Structure formats: C-alpha cells, structure tokens
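Undergrad: pasting the sequence and the predicted coordinates here, then a few questions.
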Amino acid sequence: MKGLRNYLSRIKPNFMPGGKYSKLQSVFEGFESFLFTPNTTSTSGVSIHDSNDSKRTMTVVIVSLLPCLLFGMYNIGYQHYLAIGQAGAGFWDMFLYGLAALLPTIVVSYVVGLGIEFIGAQIRHHEIQEGFLVTGLLIPLICPINTPLWMIAVATAFAVIFAKEIFGGTGMNIFNVALITRAFLFFAYPAKMSGDAAFVATEPVFGLGGGTLVDAFSGATPLGQVATATTANPQITNIVGEPISTLDAFIGLIPGSVGETSTLCILIGAFILLFTGTASWKIMLSVFAGGLFMGWIANMFPSATYPASSLSPIDQVCLGGFAFAAVFMATDPVTGARTETGKFIYGFLIGVIAILIRVYNSGYPEGAMLAVLLMNAFAPLIDYFVVQSNIKRRLKRAKVNN
Amino acid sequence: MAEIKIKKGLNLNLEGAIADTTVADTECKSFAVIPDDFTGIVPRLDVKEGDSVAAGDVLYHDKTHPEVKVTSPVAGRVAAIVRGERRKIEAIVVEADGSGRSRRLDVAQAGTRELLLESGLWCAMRQRPYDIVPNPSVKPRDIFITAFDSAPLAPDFALLLKGREKYLQKGIEVLASLTDGEVYLGCSPDWVPEVKGCVVNTFVGPHPAGNAGVQIANVKPVNKGETVWTLDAVTAARIGELFTTGEVPFGTIVAVVGESVKRPHYARCTMGCSMASLIGNDVDEPGNCRIVSGNLLTGSHVQADGYLRFPYRQVSVITEVANPADFLGWASLSPRRFSIYHSFTRWLLGGGKPARFDAKLNGGERAIIMSGEYDRMLPMDILGEYLIKSIIAFDIDKMEQLGIYEVAPEDFALCEFADTSKLPLQKIVREGLDKLYKEMN
C-alpha cells in the first residue's frame, strides 16, 4: 500500500489550488480519504479519538441494507419468472435476472447523486461527505422496479439539490433525501408509480428471462389490491391469483418496491443497526408500537368504506413499506427527533400516521413514506418541547433555591 | 455519607498503566509557570528577566484583581519570559539555584483569604460558572473537593495523599471558613479519607464520575447567579499544609504513563518542572510521540522541551501517528481499533484488554450527524448537543437556559472522544465560556 500512498502524495499537488486540476480538489481529497484514513491529529482538547467516523457509520448502514438488497434482487427474478409461468426457474436465473434489472437503477442513482455532491463540495470547498452513499442505495430499494431510469435521475437530482444541498449538505437536511426522491416520483409520475405495471418486471433484461405473461397475471401489490377492493375483507393474492398469507408477506416473496417486501431481511438489517449502536432502538420500537396500535384500532372498527381496516395489525406492519420505513427511514438521525424522549414520540406518531393514511385515505395505498416525511417536519417541534422541559426544570430549580 | 450512582460515561482502559507504585525522585534545573494554565487571569508581571526569586515569591498578578497572584515554585533566577503573538506571555522560566530558599507567610497575622491569595494556591482552585480562577470578591455558595480522578491512567489519590490526611483535614477546615454553605468531598468507593467538617459523597460509576462538574450536577447543581468553587483533594491538602507550616508546598507526585513510556511510574518532583526531567529518553520513538501534561482527554499538548502543567499530577505519552498509510481504515475489521460502537470487532475480545491509541482523529470533521452521542457520555441533566449548538451560534439566552454555567470544558472531554463528527468540543466550550464572561463582566 506504500506505493499507492506515495503515488497519491506525488500527484496531490496537481489537485491543490494553483495546480492543473484544482477544480477536482474535493474529488481528489474525497478519494484520498476514502483510500487512506487522514493522518490529521487533534490540535486541541482530547488526544485520543474513537475509531468510529462518519464513513464507518454509513458503511454499517449499507451493510445492514445488503440483506434487503440481495433478497430484493432475487424477488425481482422470482416475480418475473412467476409472471411468465416459469415458477420452477433456478435460483441463479432469478437472482441474475433481478441483478440485471436493478443494477442500472443503482448506477444511475449513485452517478447522479454523487456527481451533484462532488460539484457541491467543490463549489463550497468542502470535503466530500458520505451521506449519499446510503441515500444512493436506498433510492433503488424504495422505488418500483419498472421506474424508468430517466425518472430516477430527475428525482434524485431534485432531491439532492433541493432537499439537501441547499440546506448545507450532509447533516443539515430537514427531510429524508431518499424519501424526497420517492415522493417526487410519486407525485410527478403517479401513473408509473402505482397500479399493475409498476412493481413486477415483465420484460426480458439483457436477454435474460424472455417469455410471455400468464393469463392470470396481475401485478398489483397486496396493499394496492386492498385499496381498490370494493368489499370488506378483500382476498389478497399474489401476481398469479394465489392467496398470500401473513407468512408470505413476512418472508417477502410478494410484489412491491424492491427492498421493502421482506420483513425478515429488514429485521436482519434492524439487528445489525441496533447491535452496532448505529440506529436508535427507541425510534424503531416506537414506530412498530405506533403501527400496531393504529392497526389494532382500525381493525376494531372494520368498515367496507375503508377496506384496509380489515387487515390485522400484524399484516399492517408486514405489508408494504412500513417495516422498511421503520428500520431505515425513521431512524435517520439527521431528519428524526434528536432528543431521547422525543424519539419515542416521533417514532410512535410515524407508526400511527402511516397506518392512518393507509387505512383512511383510499387515494394512497401506502402511508409510510408520507408519515416519515410529515414527522420529519415535526421532529424539530417535538425536540423543542423536550428541550423546553429541560429549560423549565433548570429555571424551577433556580427559583426553589433562591 | 451518600452514595451516588453514575450510569453514563465510559472508563477507558488504556495501555501504559503503572504496575509498580514506588515513587522515583527526579532532578530538575529549569521550571516554568504557564499563564494559560490559570484561565481568567490577565497577567501583570511582578518580575523581570534576571530577577532572583525564592519559592513562593510572586511572579505576576491579575490585572482586574491585583490580589490574585501566581507564585514561583522554586528558588532561583527568572531566566526567560517567553512571549508569543501580540506579546502574550506564554511562559515564565525560572532556573533553580539549588538554594532552596522559600518565602514564609505569617499564618497568624493574615486572614484566610489573603493568605490563600498571597500564597498562589488560590489559583489552583476554579469557580463555576466559567471554569476560571475564583473571583476573590465573590463568596462561594459551596466548595466541591474531588478526591479521586477517574480519567484514563490517572494517578491514585490514595497514593498522592498518603500521610497527608491531617493536612487534608486542615485544608477542609480552612475552606469551610470561606463559604456559608458546605464543603463537599467527592470520593470513589475505593478510598474515602477519614475527615470531618465536610459532606462526603461517594460516586460509583465510570469516568467522568471524578469530574467536579459531574459531582456538582449530581449533588447540588449551579444555578444562574450562584458561584461554587472546585478543587482537588491534593490542592486542599496543600492549603492545609500552608496553614500549618506557613510555607507553600510546591512538591508534587506525577504519574508518568502511556503506551509510549517505556516504564510507567510515579515521580516526585516540583510543580512546573521540565518534561525532560520527567520522561527524559524513556519513551519509544521520541520523534513521533505526543506528550500530554495531564490525562489524554483534557491534558495540554506539550513539546519534549516543555514543562509540567497544571494540575501537576499526570504526564501521558502516546504515539502521534501509528500507521501513516492506513489503507481503507474505515473498513477495518481489526479488533485493535477501539470504539464505543459494536461496528468494530473489538467487542469480540471482551472488555479486559487495554486499548492502544494514537493521536489521530480517525476521520474527518462533519456536521453533527449521530444523535444522543453526547448524552451517553455526559452524566448531567444537560442536553449536550443543544448546548454545543447554542455556543456555536453564541446565543447567550439559550446558553444560559441550557446550563452553560454548570459546565467546564473537561465535562465534554469524553463526548469529544466519542464524537463521530470529530468536533473540538472542549475548545468550543472554552471559547464560549470566555466570550460569555466578556459579555457579562
């Protein structure tokens, strides 16, 4: 590694102000600090530091997303082969199909997002920050597989510029960047984001998985079916008309956005996040508590007007993006509540509102995304009250003493 | 006696601890007083280069409160007055002449306060708010004495105060006469000195349980408008000795520790002695080591030709940069890397193995991303992150409301250690306190 280190040191002057490529200073330094931990030592205060840094933190989140990502790829293939009547296709056929179908989205998301980050860092003469490494992977995982690449590019650019960079970059944003991307797609191109055609890849990709759709095919997600149902207790089926059980929804071999279908894989990710101490258990737990609570209330008063109210609380948290939002979206420390008490309130309200939207707003089959975004806006208010209570306690103490 | 449990915080188990507790004698010619050690004093010199001084003679006094004085730890000649930018006095160097002359103060004549001020021991105390040398015109609400140090590799107070309990007792009596409130002694369960005339509390829990700020917060927090004094038990014993013998004891025992020290040991020396006399060539890689006077969390960085600094009881030496080409350090799976997070593999080793550190930040400075990190390390009823943000924004109202008067930079040392965003929190707090002091006075 010494050779590479020496090479970087040798070419570094070219990228410094006054050098030939000084316009690429931030990019160079970004790659340099990616390859070699900077040798900066503390100049004041403590002389020793914890090994954890922001790069490591983001890496842990990416690792915790891998089960969802890999399962998502497999599930894309699984749904595809099911749709073309070849449910017996091999594991690798399915996985490779999913990989080929998803890879372009991942590449587009990273290229567009990181490109904008690089430019932004250079304009502000900042170091390149790691936040988008996670966002860039979240975006493909929360979008329907059939979203056109140009839409991903436009939405990512919009989110990175208007939800993040104008607020000052990583750590400064008010709304979750990945969810803004998703919300942009949802409101700008609603036809492509819902219904039958969005969630199951039916076309061959790079020559893989050719075939014709079976007659019984319907690509609607379970929540989509519920939302458009006209009777109480609608029967949820998979894409070829067979009934879906709660266990199927938990394992995740159902149509849906790429990363959100498997509650099992999400829980593996949750375990990694919690065990490493990267995400807050308080938020995660209270989102599930809120969801189960609201699901239970809705289920107590089932109504044909709101068919989703007939789903059991367990189904509510296993279906759709609820679990994914609870584990990976609500726990974003930058946009969530930052006080310890606030985290409980914040999480609980996300859970409640997600199910509330899902059940009582028949226009939106899924409410997790909107619930998190809404509570992102309210997180500072929750924190304000918690901080205020600390201030009041201090004032009261002073008055008692004097 | 009350037992107070501290839950938050972290005990850092580092390499380079002292195994053999014999105290070695050292010899030193050159001593220095560093004005930066006595925050809150604007020095006005009473000596010039070439002057001859006895131990206990006044070197300089404060501009606004001329009765606050800093004294020479040894008898000798003022060899140099080192000045930095804008003629700021950085050090007053005294070459010892070996005569051992020392100034005697008349214990019977002078009042308690006057004697403390004249002896220079006043400057070894601090006041909250602002964490500065106490303002002599303000009577403190209470006085808090810390009788243990919970910082990494810190010396054992039982050893520092061995045979000095009678002076500690006397010191507590002297201090009690300076306040209408109580004198509190904060001890660890391992060593509780038998003293009377003060409230003894034991603190059970990890660092920063030994910090005065943490002890105050858990006993009787400082409110706006109140002043408390803080000092360590070693200083209290020195005060006791002064009031018994009339001479200021400038001797001290220093723990010389850290992974780069070949033989960690205790050394008997005099305040302000040279680093060379304490560590000499006894370190690995002299060109690549960081010498800290104090513990690794709050101590001052000094050069090898520097001097021992306040509070004169610990010197820590570690490697500056252990691995200059740390390839993909953020992806490391090595259990040698210490982290409070389980994202590194160190937890596989169990808790017992002492950790190694170099002085690297281990990352780049970022906006505050992780939440609750400071709260984990700050056992006070203070919202660390919000206080830090209010200091950065210098919003005086918010700083007051969030408890700036209760904290000292050292209380944020552990937060700074753990901070994923690598922000210089102690510096932020120090600058905030200084600016606030200027605004309010």
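TA: Yes, it's here.
Undergrad: for the rest of this, base every contact and every neighbour count on C-alpha atoms.
TA: Will do.
Undergrad: could you check how far the most centrally placed residue in chain B is from B:Ser293?
TA: Geometric centre of chain B, nearest residue: B:Pro311, 4.9 Å, by CA atoms, centre = their mean. To B:Ser293, B:Pro311 is 9 Å away according to CA to CA, to the nearest Å.
Undergrad: residue numbers of the stretch 201-350 of chain A in contact with chain B?
TA: Proximity of the stretch 201-350 of chain A to chain B, by CA under 8 Å from any CA of the partner chain, involves residues A:275-278, A:333-334, A:338-340.
Undergrad: kindly recompute the last result at 6 Å.
TA: Counting by CA under 6 Å from any CA of the partner chain, the residues of the stretch 201-350 of chain A close to chain B are A:276-277, A:333-334, A:338.
Undergrad: spit out the contact partners of the residue nearest to the centre of chain B.
TA: By CA atoms under 6 Å, 6 or more residues apart in numbering or on different chains, the contact set of B:Pro311 is empty.
Undergrad: so who does A:Leu114 touch?
TA: Contacts of A:Leu114 (CA under 6 Å, 6+ apart): none.
Undergrad: which pLDDT does the model give it?
TA: pLDDT, A:Leu114: 91.
Undergrad: for A:Ala216, same thing?
TA: A:Ala216 carries a pLDDT value of 78.
Undergrad: what helix or strand is it on?
TA: Using DSSP states H and E, A:Ala216 sits in no helix or strand.
Undergrad: number of nearby residues for the residue lying closest to it once chain neighbours are set aside?
TA: Leaving aside its chain neighbours, A:Ala216 sits nearest to A:Val240 (5.2 Å; criterion: CA to CA, 6 or more residues apart in numbering or on different chains). Here the number of neighbours of A:Val240 (other CA atoms under 10 Å in any protein chain shown) works out to 18.
Undergrad: what about A:Val240, which SS state?
TA: Three-state assignment for A:Val240 (DSSP: H, G, I helix; E, B strand; the rest coil): coil.
Undergrad: that one and B:Gly372: what is the separation?
TA: In terms of CA to CA, A:Val240 sits 48 Å off from B:Gly372.
Undergrad: do the same with B:Val183
TA: From B:Val183 to B:Gly372 the distance is 34 Å (CA to CA).
Undergrad: quick one: name the residues of the stretch 151-300 of chain B near chain A.
TA: Applying CA under 6 Å from any CA, we find that the stretch 151-300 of chain B lies next to chain A at B:223, B:296-298.
Undergrad: what's the most distant pair in those?
TA: B:Asn223 and B:Leu296 (30.0 Å; CA to CA).
Undergrad: neighbour-wise, which of the two wins?
TA: B:Leu296 (31 against 24).
Undergrad: who has more neighbours out of B:Val183 and B:Gly372?
TA: Remark: of B:Val183 and B:Gly372, B:Val183 carries more neighbours, 24 against 16, as counted by other CA under 10 Å.
Undergrad: quick check: pLDDT value at whatever residue of the stretch 101-250 of chain A ends up closest to chain B.
TA: Closest to chain B within the stretch 101-250 of chain A is A:Gly171: 5.2 Å, counting by CA to the nearest CA. For A:Gly171, the model assigns a pLDDT of 87.
Undergrad: isn't it right next to B:Ala367, touching?
TA: Yes - with contact defined as CA atoms under 6 Å, A:Gly171 counts as touching B:Ala367 (5.4 Å).
Undergrad: any idea how far B:Cys273 lies from B:Val74?
TA: Following CA to CA, the distance that separates B:Cys273 from B:Val74 is 9 Å.
Undergrad: repeat that for A:Tyr21.
TA: Taking CA to CA, one finds A:Tyr21 at 58 Å from B:Val74.
Undergrad: more neighbours: the two, which one.
TA: Remark: of A:Tyr21 and B:Val74, B:Val74 carries more neighbours, 30 against 14, as counted by other CA under 10 Å.
Undergrad: which parts of the strand or helix carrying A:Val107 are buried?
TA: Taking DSSP H and E as the criterion, A:Val107 maps to helix A:91-123. By neighbour count on 16 or more other CA atoms under 10 Å in any protein chain shown, the buried set for helix A:91-123 is A:93-102, A:105-110, A:112-114, A:116-122.
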